[in-house]
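>>> Compute the structure for the input listed below.
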Amino acid sequence: MTIIEEKTLRVLVADDDPDILALLTMNLEGQGYLVESVTDGEEARDAALRMLPDLIVLDVMMPKMDGLEVLTILKNHEATKNIPVVMLTAKASDTDVWGGWQSGADYYITKPFDLDELLHFIGYLRVNGALID
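Model prediction:
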C-alpha cells in the first residue's frame, strides 16, 4: 500500500481585529493549515503576492486598503487569480455581498460568523479539488 503525503495548505488571513486573527489562526492551525496573518490591506496584497497561499480569508474593512481593493488586485494578477478567497466581513447588506461576488470572492461570510461554516467551506474546497494539494 502506498501512503500519499498531503501538502500542508497555506492560508493567508487578513483582518484588522486581533481577536478574530487569533481565533482564526488558532483554529486553522488546529486543522493542520499553515497560517500567516496580516492586519491591513497593503500587507494582505503583499503577503499574497509573496507567499502565493492556497486560500485567502479577507476582511473588507481594513486600514490602508480595503479588502475589495485587495481582492480586485489579486483576481487581476496572473499569479493569484485562481486562489480561492473567502470574504469574512461585517459588511452584510445585499449590496455589500453582491459587491464581494462581483469583485471575485469565492465565498462571503458575514460577521458575527460561525467558525464551523468557514471550516466546512475550506474542507469542501479541499475535497472538491479547488485547493491544490
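
>>> contacts and neighbour counts: CA atoms only from here.
Fine.

>>> ok now do Thr72, which residues does it touch?
Applying CA atoms under 8 Å, 6 or more residues apart in numbering to Thr72 gives the contacts 103-104.

>>> Kindly state the pLDDT recorded for it?
Predicted confidence (pLDDT) for Thr72: 93.

>>> what's Val57 in contact with, if anything?
Counted by CA under 8 Å, 6+ apart, Val57 has contacts 11-14, 85-88.

>>> buried subset of those residues?
11-14, 85-88 (16 or more other CA atoms under 10 Å).

>>> what's downstream of the lowest-mean-pLDDT helix or strand in the chain, the next helix or strand?
Lowest by mean pLDDT, DSSP states H and E among the helices and strands of the chain is helix 94-103, with a mean of 71. Moving toward the C-terminus from helix 94-103, the next helix or strand (DSSP states H and E) is strand 107-110.

>>> would CSV of the buried ones among the contacts of Val57 with pLDDT be doable?
Output for the buried ones among the contacts of Val57, formatted as CSV (pLDDT from 0 to 100):
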residue, pLDDT
Val11, 94
Leu12, 97
Val13, 97
Ala14, 96
Val85, 92
Val86, 91
Met87, 90
Leu88, 88
